[in-house]
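Trainee: Mind looking at a prediction? Sequence and model below.
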Amino acid sequence: MLRTHTCGELRRKDVRRKVVLAGWVHGLRVLGKKAFIDLRDRYGITQLVLDEKFRELYEGLTRESVIVVSGRVVKRKEPNPKLDTGDIEVVVENLAIVSKAEPLPFELFNPDVESTEETRLKYRYLDLRRPEMHRMLEFRFRASMVLRNYLSMLGFVEVETPYLSKPTPEGARDFLVPSRTFRGRFWALPQSPQQYKQLLMVSGLDRYFQLARCFRDEDLRKDRQYEFTQLDIEMSFAGEEDVMKVAEGAVAVLYAQLLGIKLKRPFPRLSWRDAMDRYGSDKPDLRFGLELEDMDAAGDIRIFREIVKGGGVVKGIRAPLLEKPLVKRLEELARSEGFPGLAWASFGEATKGPIASALPDELRLKEGTLLLLGGEWQKVVETLGKIRLEMARALGLQKGLSITWITDFPLFEVTEEGSFQPAHHPFTAPKKGFEGQLFEELSREELLNIPARAYDLVINGVEIGGGSVRITDPALQERMFELLGISREEAREKFGMLLEAFRYGVPPHGGIAFGFDRLLQVMLGKQSLRDVIAFPKSKSGRALMEDAPSGADPEQLKELGLKA
């Protein structure tokens, strides 16, 4: 047996026990004729005491070397309250150096010595030695077990769906895999199991879930990776309320069992229109106020008068009194979004700002800063939403926990080129009562006002999950494709297996998908998705540890019918 106990296990009750411990040398101190080693493993640290007979071994010992020791547990004369094992120490009788470590490429445990993220990702196996990273991996594992137990108790069955599939348009680029057997043809790694989970509903498996791996070739951000894990849920004979109830329970049980936080249910709800109008975002952070307000009275100010006459809006935020450098930063933010500037006025000991003298009495503040923008509604609210978040970050207002559903999304949105695209995906059903409108001759504006049976869950301003009730009427689905500019031939090519399956009896169904990594990121208060994934890609999209992507063997490329 290489060890009888872990390094975090021994207590005062174990005094006089003979033990075998194994782990990494966390620290080494030589005091006179004795040496003290802090031995570390995943479970904790135990202090070892070595007498002079081990001098030849410990003098050449380096930090992070792996050793195995046997000895006897004794009571420490001066307990260390910082360690769970601080009441005891082990007097070493035998020591074996299993693996001697070379000098480390970066400092692992000293918070005062910073290292770059690139270095930590290159040596990720070392970075993962830190207790904080162990806690993250354990938290992730426990979260997956909690979800599996919860959903299995509700009668859901976990089903694995294929990694090699057909390229389909789902909003991001596919990762393509060339086929050696069928030269010139390609598999795609799944962006999500969307069609497969709907096919499972056709198969009669009415409650499916999966912790699914998903792959999207898109630009990386703090909350995006090429590959990620998704909690995928689909239910037959279910509407929005059924899916949302199951989803709320999943989130509530995670917070209760892993963080000891009891969430009040049902979760609050906001329509998409209200969220945009009041917070400037379809994933609003509700932990603070600073709501967007209609500033109709500002229409009397010359710079806004023409905007209102042209059908635009004037909206603003009543903020605390802001320092001039922050106001300048917010002005630059407004300019970066295409506005000529930001109209503002500050009221305190003195009145300042370019519109201060022109403001009507009803818009003046006793103390604070008023920020105004005018223009087309969506552009105004989205820009003020970004300004709102920048202010909150600067003022330290993003504290606590807020959770809400966003509902009644528009069925369609418009691309930069002016064409329609689905706000969620092309299988999302319109709200009940609006189905027939898709077959009528409607203006673009009217089509954009059709609500979808879609819903997103937002925690602390982060979209955690999104789902919808699906279209199951073939005629309605065909019309949806038509409005999205997808021909019948293209629809059959890209979605043929699903459309064919719907001909043989399909139940009403809906579902939701949670970004599992993103949910853990929010729960743990991490700044980046990379902090909750064992082996993530870097900001630039490289796997620095493996030095990938890399070139391929010419013979292998030849087999695949490819040239570099």
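Mentor: In hand now; what should we look at? Residues are numbered from 1 along each chain as shown.
Trainee: Strands along the stretch 451-564 of the chain, start to end?
Mentor: Using DSSP state E, counting those that start in this stretch, the strands found in the stretch 451-564 of the chain span residues 454-459, 462-469, 509-515.
Trainee: Could you quantify the relative orientation of the shortest one and strand 462-469 as an angle?
Mentor: Angle of strand 454-459 versus strand 462-469, following axes from the mean of the first three to the mean of the last three C-alpha atoms, to 10 degrees, is 160 degrees.
Trainee: and strand 454-459, which strands flank it?
Mentor: When pairing is defined by DSSP bridges, strand 454-459 lines up against strand 403-407 (antiparallel), strand 462-469 (antiparallel).
Trainee: looking at these, which is buried most?
Mentor: Comparing the strands paired with strand 454-459 by mean neighbour count (mean count of other C-beta atoms under 10 Å), strand 462-469 ranks first with a mean of 22. (Glycine included, C-beta is placed from N, CA and C.)
Trainee: just to revisit the earlier point, next, format the strands of the stretch 451-564 of the chain as CSV and append mean pLDDT and distance to Leu322.
Mentor: Formatted as CSV, the strands of the stretch 451-564 of the chain follow (pLDDT from 0 to 100; distance: least, C-beta to C-beta, whole Å):
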stretch, mean pLDDT, distance to Leu322
strand 454-459, 98, 26
strand 462-469, 96, 25
strand 509-515, 97, 34
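Trainee: can you put those in JSON lines and add distance to Phe339?
Mentor: Putting these into JSON lines (distance: least, C-beta to C-beta, whole Å) gives the following:
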{"stretch": "strand 454-459", "distance to Phe339": "26"}
{"stretch": "strand 462-469", "distance to Phe339": "26"}
{"stretch": "strand 509-515", "distance to Phe339": "32"}
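Trainee: Looking at the ones you listed, spot the one closest to Lys53.
Mentor: strand 509-515 (56.3 Å; C-beta to C-beta).
Trainee: So which elements touch the closest one?
Mentor: helix 194-202, strand 227-236, helix 240-254, strand 454-459, strand 462-469 (3 or more C-beta pairs under 8 Å, 6 or more residues apart in numbering; DSSP states H and E).
Trainee: switch to 6 Å and redo it
Mentor: Packing partners of strand 509-515 (3 or more C-beta pairs under 6 Å, 6 or more residues apart in numbering; DSSP states H and E): strand 227-236, helix 240-254, strand 462-469.
Trainee: relative to strand 227-236, how tilted is it?
Mentor: Using the same axes, to 10 degrees, strand 509-515 lies at 160 degrees relative to strand 227-236.
Trainee: tell me how far stretch 180-190 is from the chain's mean position?
Mentor: Chain-centre distance of stretch 180-190: 30 Å, with C-alpha atoms, centre = their mean, to the nearest Å.
Trainee: measure that stretch end to end?
Mentor: 19 Å (C-alpha to C-alpha, to the nearest Å).
Trainee: Equivalent analysis for stretch 278-294, please.
Mentor: First-to-last distance for stretch 278-294 - C-alpha to C-alpha - comes to 9 Å.
Trainee: can you put the strands paired with strand 454-459 in TSV and add distance to Ala334?
Mentor: TSV is the format used below for these (distance: least, C-beta to C-beta, whole Å):
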stretch	distance to Ala334
strand 403-407	25
strand 462-469	24
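Trainee: residues of the host helix or strand of Ala394 that come out buried?
Mentor: Of the helices and strands defined by DSSP states H and E, Ala394 is found in helix 377-395. Under the neighbour-count criterion of 16 or more other C-beta atoms under 10 Å, helix 377-395 has Val380, Val381, Glu382, Thr383, Leu384, Gly385, Lys386, Ile387, Arg388, Leu389, Met391, Ala392 buried.
Trainee: For the stretch 1-150 of the chain, just list every one of the strands.
Mentor: Using DSSP E, counting those that start in this stretch, strands in the stretch 1-150 of the chain cover 18-31, 34-41, 44-50, 66-75, 88-99.
Trainee: Take the ones you listed and write them to CSV, including mean neighbour count and distance to Ala143.
Mentor: Converted to CSV, these look like this (neighbours: other C-beta atoms under 10 Å; distance: least, C-beta to C-beta, whole Å):
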stretch, mean neighbour count, distance to Ala143
strand 18-31, 17, 27
strand 34-41, 20, 23
strand 44-50, 22, 23
strand 66-75, 18, 30
strand 88-99, 17, 33
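Trainee: Next, format those as CSV and append mean pLDDT and distance to Arg444.
Mentor: Conversion of these to CSV gives the following (pLDDT from 0 to 100; distance: least, C-beta to C-beta, whole Å):
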stretch, mean pLDDT, distance to Arg444
strand 18-31, 96, 64
strand 34-41, 96, 63
strand 44-50, 97, 64
strand 66-75, 97, 67
strand 88-99, 96, 68
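Trainee: Could I get those strands in JSON lines, plus columns for distance to Gly511?
Mentor: Below are those laid out as JSON lines (distance: least, C-beta to C-beta, whole Å):
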{"stretch": "strand 18-31", "distance to Gly511": "45"}
{"stretch": "strand 34-41", "distance to Gly511": "42"}
{"stretch": "strand 44-50", "distance to Gly511": "42"}
{"stretch": "strand 66-75", "distance to Gly511": "47"}
{"stretch": "strand 88-99", "distance to Gly511": "48"}
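Trainee: closest to Asp282 out of those?
Mentor: strand 44-50 (44.7 Å).
Trainee: now the closest one and strand 18-31, what's the angle there?
Mentor: 70 degrees.
Trainee: Pairing partners for strand 44-50, with directions?
Mentor: By DSSP bridges, strand 44-50 pairs with strand 34-41 (antiparallel), strand 88-99 (parallel).
Trainee: Output the helix or strand harbouring Lys328 as PDB - backbone C-alpha positions only.
Mentor: Using DSSP H and E, Lys328 sits within helix 324-336. In PDB, the C-alpha atoms belonging to helix 324-336 read as follows (Å, rounded to 0.1, in the frame of the first residue of the first chain):
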ATOM      1  CA  LYS A 324     -15.900  63.600 -14.700                       C
ATOM      2  CA  PRO A 325     -13.500  60.800 -15.800                       C
ATOM      3  CA  LEU A 326     -16.300  58.200 -15.700                       C
ATOM      4  CA  VAL A 327     -18.600  60.500 -17.600                       C
ATOM      5  CA  LYS A 328     -16.000  60.900 -20.300                       C
ATOM      6  CA  ARG A 329     -15.600  57.100 -20.500                       C
ATOM      7  CA  LEU A 330     -19.400  56.800 -20.900                       C
ATOM      8  CA  GLU A 331     -19.300  59.500 -23.600                       C
ATOM      9  CA  GLU A 332     -16.700  57.500 -25.500                       C
ATOM     10  CA  LEU A 333     -18.800  54.400 -25.200                       C
ATOM     11  CA  ALA A 334     -21.800  56.200 -26.700                       C
ATOM     12  CA  ARG A 335     -19.600  57.400 -29.600                       C
ATOM     13  CA  SER A 336     -18.200  53.800 -30.200                       C
END
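Trainee: quick one: contacts of whatever helix or strand comes next after that helix?
Mentor: Per DSSP H and E, the first helix or strand lying C-terminal to helix 324-336 is strand 343-347. Contacts to strand 343-347, defined as C-beta atoms under 6 Å, 6 or more residues apart in numbering, come from residues Lys352, Gly353, Ile355, Ala356, Leu359, Leu365, Glu367, Thr369, Leu370, Leu371, Leu372.
Trainee: re earlier: wait, which of the strands of the stretch 1-150 of the chain is closest to Ala250?
Mentor: Closest among the strands of the stretch 1-150 of the chain, using C-beta to C-beta: strand 44-50, at 32.0 Å.
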